[in-house]
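K.L.:
Okay, sequence plus prediction incoming.
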Amino acid sequence: MKVIAALALLVGSASAFAPVATPATSTVAHQMAAIDEAFGVSVETGNKCPPLGARILEDTSPDALKWFQNAEIKHGRIAMIATIGFMVQKSGVHFPLYLGPTGSNAFHPESDTAWLLSSTSGVTFSDIATAAPLDAIKMVPAAGWLQIFFAAGLFEAVAFQRQWNEEGRVPGDYGYDPLGFTKREGGFDSDEIKSLRLKEIKNGRVAMMTIAAWVSNEAIPGALPVWHP
């Protein structure tokens, strides 16, 4: 009888130190509340993360959420540049080639002494300037793509170092601010910078949808039945 009483006492004392089980619904609700409060969730979606995004992010950790925020900002920035490049190429307006004859006139890039972009393929800068956007991409030689990927990889390595190995950086902050916006009073905590960050995210989202639609229409004419360049 004494043995049974001792075992009961041990079991009771052990259970006192056991972790209290947290209901799964409570954990999920807490995670969803954190996602809805993440920077970038705005009035367009009722100040809540859209259903598809909420489904993807429902089991994510704070670091994973930060990764997705960085990915969205990077893609948005690239898309904004892409829409400008697409419009410039499609409209026939081209930037002059530095110290070269090709493209010295922004509206008339043809030249009798055009510089070669690739000696093996015989493609000149003038050929690129007069091509349609998707055709211009196809004309870039392999060595050109290698340089592009090398430069992109270098930027990505620097971004990873500054975003993940240096503490205190908000998503999208990679230490490059030549105009000094973040050096103003208050830095990233100021209302002005928060407003600019949100505008950048929203413009990036619009740009991603825009470039996807324009490229689709370029590849399949008539795919986008509204005005486009």
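P.N.:
On my side now, so go ahead. It should be emphasised that the depicted structure is a prediction, and the values quoted were computed from it without experimental measurement.

K.L.:
Please make it C-alpha for all contacts and neighbour counts, starting now.
P.N.:
Fine.

K.L.:
ok, how many other residues are close to F181?
P.N.:
13 (other C-alpha atoms under 10 Å).

K.L.:
What of T83?
P.N.:
Neighbour count of T83, defined by other C-alpha under 10 Å: 19.

K.L.:
from here on, count from 262
P.N.:
With 262 as the first residue, the last one maps to T344.

K.L.:
what's the helix or strand for the closest residue in space to R430 that isn't next to it in sequence?
P.N.:
Using C-alpha to C-alpha, 6 or more residues apart in numbering and skipping the chain neighbours, the partner closest in space to R430 is Q424 (6.0 Å). Using DSSP states H and E, Q424 sits in helix 403-425.

K.L.:
Toward the C-terminus, what is the element adjacent to that helix?
P.N.:
Downstream of helix 403-425, the next assigned helix or strand under DSSP H and E is helix 452-480.

K.L.:
thinking again about what came up before, my read: the residue nearest to R430 touches D434, true?
P.N.:
Yes. Q424 is within contact range of D434, at 6.9 Å (criterion: C-alpha atoms under 8 Å).

K.L.:
Between the two, which is the more surrounded one?
P.N.:
Ranked by neighbour count (other C-alpha under 10 Å), Q424 and D434 place Q424 first, with 21 against 16.

K.L.:
check contacts around the more buried one.
P.N.:
Q424 is in contact with R430, V431, P432, G433, D434, Y435, counting by C-alpha atoms under 8 Å, 6 or more residues apart in numbering.

K.L.:
again, but for E461
P.N.:
I334 are the contacts of E461 under C-alpha under 8 Å, 6+ apart.

K.L.:
pLDDT weak spots in this structure?
P.N.:
Across the chain, the ranges flagged by pLDDT under 70 are 262-294, 355-375, 488-490.

K.L.:
Give me the buried positions along stretch 401-412.
P.N.:
Of the residues in stretch 401-412, V401 count as buried by neighbour count, 16 or more other C-alpha atoms under 10 Å.

K.L.:
if we can go back for a sec, and the gap between the residue nearest to R430 and V431?
P.N.:
As judged by C-alpha to C-alpha, to the nearest Å, Q424 and V431 stand 8 Å apart.

K.L.:
got it, and K335?
P.N.:
13 Å.

K.L.:
So if I had to pick from these two, which one is more boxed in?
P.N.:
K335 (16 against 13).

K.L.:
what about the more buried one, which helix or strand?
P.N.:
Judged by DSSP H and E, K335 forms part of helix 323-352.

K.L.:
Point out the other elements, helices or strands, that that helix touches.
P.N.:
Contact here means 3 or more C-alpha pairs under 8 Å, 6 or more residues apart in numbering; DSSP states H and E; on that basis helix 323-352 packs against helix 394-400, helix 452-480.

K.L.:
Toward the C-terminus, what is the element adjacent to it?
P.N.:
The helix or strand immediately downstream of helix 323-352 is strand 377-379, counting by DSSP H and E.

K.L.:
Just the buried residues of stretch 437-447, please?
P.N.:
Buried positions in stretch 437-447, judged by neighbour count with 16+ other C-alpha under 10 Å: T443.

K.L.:
What is the distance between it and the centre of its chain?
P.N.:
On the basis of C-alpha atoms, centre = their mean, to the nearest Å, stretch 437-447 sits 20 Å off its chain's mean C-alpha point.
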